[in-house]
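Engineer: okay, structure incoming, though there's no sequence with it:
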């Protein structure tokens, strides 16, 4: 079966169990995007070697690239994982790029370098692992293997965030790379944390993006200033991590203790807070006093 049938998960392609084939049952795959300083110059053999060298669990990894195509098309895979790669010798769309780079937490000089990138590859999870965290870990591992080909940054457009590609390099993470990717704070890449001001609203809105990929709500809060960013980023990351690990569910009206003398109450966004809409469910967190726990209002 041709690589094109397997790239896009045609049912008949999956009958060949020896070949890399995209899972035809994934309708909306998770994705990361990798930006490169120069034109794409990646061979099938070099990519396979980079994947196998990334982590001991990937020693059976392989890659297959389509030939004689204007775009960069291919598959990478090992164990239950398959990742579809679609690349272009052109910059990433400007608005989408800025939505990922501007709110991210690394130096402005590095952001300017990233904005000057020359090409990009889109990574789509196309394998047979059902856990979204493990899917993201596989995508991040492929991104890490691509750092040796001039990668500059890894984006998660759905989560409005990005990181320098060097963060994912095998040289940076060592033999614990997969465990480190698995335990990354959610707000670092798999989800995002954005701060923005709204005209006519006093304070700074802070919210997460991308939690819907894990079946979780995103969280938002109206802070008094930008200096509270780390507080709310840590708070939201801890809450989402707790929900992911425990299976607990939170909804509007729920309250919880977030510190020795600090409590939080959740509510739905108000009608006037249209700027908090989507793409998934959003819960607004409000800091309350102890005597307001589980009280109406």
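Structural biologist: On my side now, so go ahead. In this text, all values refer to a predicted model and were calculated from it rather than measured experimentally.
Engineer: helix or strand for residue 82, which one?
Structural biologist: In this structure, residue 82 sits in strand 81-88 according to DSSP states H and E.
Engineer: which elements pack onto that strand?
Structural biologist: Where contact means 3 or more C-beta pairs under 8 Å, 6 or more residues apart in numbering; DSSP states H and E, strand 81-88 is packed against strand 72-78, strand 119-125, helix 132-145. In this view, the C-beta of every residue, glycine as well, is placed from N, C-alpha and C.
Engineer: now the angle from it to helix 132-145?
Structural biologist: On the basis of axes from the mean of the first three to the mean of the last three C-alpha atoms, to 10 degrees, strand 81-88 is oriented at 50 degrees to helix 132-145.
Engineer: would you mind giving the helices and strands packed on strand 81-88 as CSV with mean pLDDT added?
Structural biologist: As requested, those are exported to CSV (pLDDT from 0 to 100):
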stretch, mean pLDDT
strand 72-78, 97
strand 119-125, 98
helix 132-145, 98
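Engineer: which among the ones you listed is found nearest to residue 6?
Structural biologist: Nearest to residue 6 among the helices and strands packed on strand 81-88 is strand 72-78 (6.5 Å), distances taken as C-beta to C-beta.
Engineer: now tell me what touches the closest one from outside.
Structural biologist: 3-4, 6-7, 20-22, 40, 42, 44, 47-48, 51, 57-58, 60-66, 82-89, 121, 126-127, 142, 145 (C-beta atoms under 8 Å, 6 or more residues apart in numbering).
Engineer: can you select the buried ones from these in ChimeraX?
Structural biologist: To isolate the buried members of those in ChimeraX, using 16 or more other C-beta atoms under 10 Å:
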select :3,6,7,20,21,22,40,42,47,48,51,58,61,62,63,64,65,66,82,83,84,85,86,87,121,126,127,142,145
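Engineer: tell me the spacing between residue 85 and residue 32.
Structural biologist: 11 Å (C-beta to C-beta, to the nearest Å).
Engineer: between the two, which contacts overlap?
Structural biologist: residue 123.
Engineer: ok, the closest residue to residue 217 other than its chain neighbours - contacts?
Structural biologist: Distance criterion C-beta to C-beta, 6 or more residues apart in numbering; nearest residue to residue 217, sequence neighbours excluded, is residue 281 at 4.3 Å. Applying C-beta under 8 Å, 6+ apart, we find residue 281 in contact with 212, 217-218.
Engineer: tell me the one of these nearest residue 256?
Structural biologist: Scanning those for proximity to residue 256, where the rule is C-beta to C-beta, the winner is residue 217, at 13.4 Å.
Engineer: just list the residues touching the closest one, thanks.
Structural biologist: So residue 217 contacts 211, 250, 280-283 (C-beta under 8 Å, 6+ apart).
Engineer: again, but for residue 33
Structural biologist: Going by C-beta under 8 Å, 6+ apart, residue 33 touches 92, 100, 120-123, 154-157.
Engineer: can you confirm it is in a strand?
Structural biologist: Yes - remark: residue 33 belongs to a strand, assigned using DSSP: H, G, I helix; E, B strand; the rest coil.
Engineer: and the spatially closest residue to it that is not a sequence neighbour, how many neighbours?
Structural biologist: Nearest residue to residue 33 in three dimensions, chain neighbours excluded: residue 155, at 4.2 Å (C-beta to C-beta, 6+ apart). When neighbours are defined as other C-beta atoms under 10 Å, residue 155 has 29 of them.
Engineer: phi first, then psi, for residue 155.
Structural biologist: phi -110, psi 150 (degrees, to the nearest 10).
Engineer: so it bridges to which residues?
Structural biologist: For residue 155, the beta-bridge partners under DSSP bridges are residue 33, residue 162.
Engineer: list the buried residues for the lengthiest helix in the chain?
Structural biologist: Scanning the chain for the helix with the most residues, using DSSP state H, yields helix 229-246. The neighbour-count check on helix 229-246 (16+ other C-beta under 10 Å) flags 229, 232-233, 235-237, 239-240, 243-244 as buried.
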